[in-house]
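Student: sequence and predicted structure are below.
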Amino acid sequence: MKIYLDHIGIACNNLDDASPFWRLIGLQQGKDETVIEQGVTTRFFATSDGDTRKPMIELLEPTGDDTPVGKFLAKRGPGVQQICFRVEDIDEMISMLTSNGIIMIDSEPRIGAHGAKIAFVHPKSTGGVLVELAEKGD
């Protein structure tokens, strides 16, 4: 199964305050999207050619203090919150990981930004890094 680096998620207190650097270096800002189920507003930045299949930067602003990103900010402050890998078949990947003893936060995919099917791998299984898996309908 093919796997690709999709994006690096960065928790921030305010999307507008966190965006200037990414625009300044030449990344192209996409549209904001609020994902109610995750309590977050996202803003993606693509490389200069705008190819969304290449790795991107995702800024994550919590919609409240009691959301996963809100709790992350309270505990650790702004910074890298997760690394996301795009996979061809998320159900197959979850099955393979769990059958090999990997702890999943999501045993079933759910819907994330841009309508992608997503699931999170517990940091206990990755050396302390929150890993998101995403299957997109490119």
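Tutor: Now that the structure is in, tell me what you want to look at. This is a predicted model, so every value here is computed, not measured. Numbering: from 1, shown residues only.
Student: what are the boundaries of the strands in the protein?
Tutor: Assigned by DSSP state E, the chain shows strands spanning 3-11, 28-29, 33-35, 40-46, 56-62, 79-87, 110-111, 117-121, 131-135.
Student: contacts for the fourth one, please.
Tutor: Spelled out, that is strand 40-46. 7, 15, 19, 22-23, 27-35, 52, 54, 56-63, 67-69, 113 (Cβ atoms under 8 Å, 6 or more residues apart in numbering). In this view, the C-beta of every residue, glycine as well, is placed from N, C-alpha and C.
Student: what subset of these is buried?
Tutor: 7, 19, 22, 27, 30, 35, 52, 56-62, 67-69, 113 (16 or more other Cβ atoms under 10 Å).
Student: shaky segments in the protein?
Tutor: Scanning the chain for pLDDT under 70 picks out the ranges 48, 50-52, 138.
Student: and with 90 instead?
Tutor: 1, 47-54, 113-114, 136-138 (pLDDT under 90).
Student: tell me which of the strands of the chain sits nearest to residue 73.
Tutor: In terms of Cβ to Cβ, the element of the strands of the chain nearest to residue 73 is strand 3-11, at 5.3 Å.
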